[in-house]
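Novice: one predicted model, sequence on top.
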Amino acid sequence: FNDTATTEIYTSLFVGSVRCVQETAMKKSMTLLWLSLLLLFQVSLQQSILCSACHWGYNLFYNFATSDFVLSICQKLWHWSCDSSMDSPVCEQFYQNMMILIEKNVIKRFDPNIFCPKLGLCSSPKIIPDNFEVYKERILKNKPGRKYPPKSNTTTPLKFIVFADSHVDLKYSQNKSVNCRASICCRADSPNVHNNSDRPGKWGHLGNCDLPLNTAQHFIKTIGNQHRDAKFVLWLGDSPAHDLYNQTKEGHKKILTILTENLQQFYKGVGTLYPVVGNHEGIPCDQLDLNGPEPNWLFSFLADLWGPWLTKESQEMFRKYGRYSQLHPNTRLRVIALNSFVQDTLNSYIWSNSTDRYGQLAWLEKTLDLCEKNDESAIIVGHFPPFTYAAMSMWSKRYNILIDRYANVIRGQFFGHTHQDSFQVIKSSKLNEVAGVAFEHSSLTSLGQLNPSFRKYEMDQKTYELIDYIQFRFNLTKANTQDIAEWKPSYRFKAYYNVENMRDETFSALAEKILVDDNYFRRYAKMVFAEGPRSISLMRNTGAKKQTYCKLTSPEIDLYDKCIGGIPFSFSQGYLYFMLGKYFLPPWEYAMQQRQNLSPIHI
């Protein structure tokens, strides 16, 4: 029984019955026995009624909240807020494609299978809160001392390329204006061009437009022809355009197929491709149902599309969970690719239960532990870095603990999503130690006034330590005015920042210099927004040093909030994501069925 007092009453009654039998008072014994059974039936019936009433009440509430009447009110409120910045038809498409789904999943946040037991109205399952401190203590219990591999005498580095956030717009048009009232412009549904001042360029536009296909194809040809010494490519997700109001599965499949086939054509025989999914691969954006018993459409489609690069085991793992790990051929370097939908605060499908979905953290722990036992090195690849406004804090905290524990195994962490040329320092639980560095990568798309970019790393072939990297940029202004399309080196990391190596402590020290030294701050500011107009603005704003420092040294949103002294209120997307994660998402918890000798399992 769940209730201690009830248990004591039943125990006393049964003990009394036994004693009566022993005293041959059969009549009294039977009376007590029947009384106890009656009480048991009464309490069970009462609890059953309360539990049923809770479920019934939820269903009544859900039916009302998703009724045409309520949805019509939500629709009017949405247009009231949206129509001020976008055309009304665009807002309506947004609402039909995304907002109705989100509204329904808001109601599902209060899943009666979890909510009713928490209110004490249902006896099963038993809800057990997750204890982060217990998790942290368990993970770090056997943490070895930090050590770097001895310097090797290899002279030929292992090179690889990283690109992220291509956001290719198949409807890009030079005959459509760079100015519009939609999430992106320069496309078939944008206003017509009035004069040359609002005409986008052949190769793209430094503004509110995504990347034309010809620029993405030029990039792929460039790495296939000019960077054949790169042994593998990390593709960090987000290939579809930002036309969030008008996206379809067929459209997503089309651009993913085009890019994959181009990479197969121009990079075939050169090296291996390791791709991951981004939040924009979801339909609608950020939304992916992780609750169904069958593999979802996206993972199934991509498992087949990317099959030539994946091992059979990795392909099946990806089909089920959107993640995989595999050794790079002829090395002891393991590539661990993560599924970012499980940590996406905006994925409304996980709002009712966000506790380590798909068991990805448990899988990551197991994979890193095997790397340690098998004397392998690892790189971690994903779309969301540990700190972004849309990354779930509860997930990032536990991820960072794993990075701390397996710091001697991990040789690099590579992420996209932010469209920024930056990094995040992950501090160790031990004072004055750094556990790791998560690299953020500039985007291929020019949306947000960014020059298209990719990066080429150099790694020691024996120890797999990172040696250096070269950042490449595509000068859009030059390409459009002179029709000269070329990807030129922008800077080499060690020379640009005047450092000796790429070890974790180097980035921690660099963050400190950016905070106190105007010269280092301007150097960072010039590159963070891909040498576009926003970089120039940031270079002039030395007052932003503290905020920049906090971003570089706070690998999850709660730490960033604390570092800057509280994220200020605003109507920005970032603030909305922060509040959503902090006050709406449920705490992590586990469920255990009653009357079964089981360990807690994920709800």
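Specialist: Sure thing, it's come through. Numbers count the residues shown, from 1 in each chain.
Novice: all strands of the stretch 451-600 of the chain, in order?
Specialist: 453-459, 466-474, 487-492, 589-592 (DSSP state E, counting those that start in this stretch).
Novice: just name the most buried of the ones you listed.
Specialist: Scoring the strands of the stretch 451-600 of the chain by mean neighbour count under mean count of other C-beta atoms under 10 Å gives strand 453-459 as the most buried, with a mean of 23. (Glycine included, C-beta is placed from N, CA and C.)
Novice: tell me what that strand is packed against?
Specialist: strand 158-163, strand 410-415, strand 466-474 (3 or more C-beta pairs under 8 Å, 6 or more residues apart in numbering; DSSP states H and E).
Novice: now do that strand against strand 487-492, angle only.
Specialist: Inter-element angle recorded for strand 453-459 and strand 487-492: 60 degrees (by axes from the mean of the first three to the mean of the last three C-alpha atoms, to 10 degrees).
Novice: partners of strand 453-459 in the sheet?
Specialist: strand 158-163 (antiparallel), strand 466-474 (antiparallel) (DSSP bridges).
Novice: what about stretch 194-204, distance to the chain center?
Specialist: 34 Å (C-alpha atoms, centre = their mean, to the nearest Å).
Novice: any chance of the helices and strands packed on strand 453-459 in a markdown table with mean pLDDT and distance to Ser325 as columns?
Specialist: Putting those into a markdown table (pLDDT from 0 to 100; distance: least, C-beta to C-beta, whole Å) gives the following:
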| stretch | mean pLDDT | distance to Ser325 |
| --- | --- | --- |
| strand 158-163 | 97 | 16 |
| strand 410-415 | 98 | 13 |
| strand 466-474 | 98 | 19 |
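Novice: tell me which of those strands sits nearest to Arg138.
Specialist: Arg138 sits nearest to strand 410-415 of all these, at 19.0 Å, using C-beta to C-beta.
Novice: list the buried residues of that closest one.
Specialist: 410-415 (16 or more other C-beta atoms under 10 Å).
Novice: want to throw those into TSV with distance to Leu444?
Specialist: Converted to TSV, those look like this (distance: C-beta to C-beta, whole Å):
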residue	distance to Leu444
Ile410	26
Arg411	25
Gly412	20
Gln413	20
Phe414	15
Phe415	15
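Novice: and which of the residues you listed is nearest to Ser72?
Specialist: Taking C-beta to C-beta as the measure, Phe415 is the one of the buried residues of strand 410-415 closest to Ser72, at 40.5 Å.
Novice: re earlier: between the helices and strands packed on strand 453-459, which one is nearest to Thr222?
Specialist: strand 466-474 (8.5 Å).
Novice: re the thing from before, can you redo the strands paired with strand 453-459 as a markdown table with distance to Phe64?
Specialist: Output for those, formatted as a markdown table (distance: least, C-beta to C-beta, whole Å):
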| stretch | distance to Phe64 |
| --- | --- |
| strand 158-163 | 48 |
| strand 466-474 | 53 |
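Novice: out of these, nearest to Gly207?
Specialist: Taking those one by one with C-beta to C-beta, strand 466-474 is closest: 15.3 Å.
Novice: run the angle between that closest one and strand 410-415 for me.
Specialist: Using the same axes, to 10 degrees: strand 466-474 against strand 410-415 is 20 degrees.
Novice: mind listing the strands for the stretch 301-450 of the chain?
Specialist: 324-327, 333-337, 377-381, 410-415, 422-427, 434-440.
Novice: of the strands paired with strand 453-459, which is nearest Ser85?
Specialist: That would be strand 466-474 among the strands paired with strand 453-459, by C-beta to C-beta, at 29.5 Å.
Novice: shaky segments in the stretch 51-200 of the chain?
Specialist: Residue ranges of the stretch 51-200 of the chain with pLDDT under 70: none are present.
Novice: which elements pack onto the helix or strand where Phe219 lies?
Specialist: Phe219 belongs to helix 213-226 when assigned by DSSP states H and E. On a contact count with 3+ C-beta pairs under 8 Å, 6+ apart, helix 213-226 meets strand 168-169, helix 249-267, strand 487-492.
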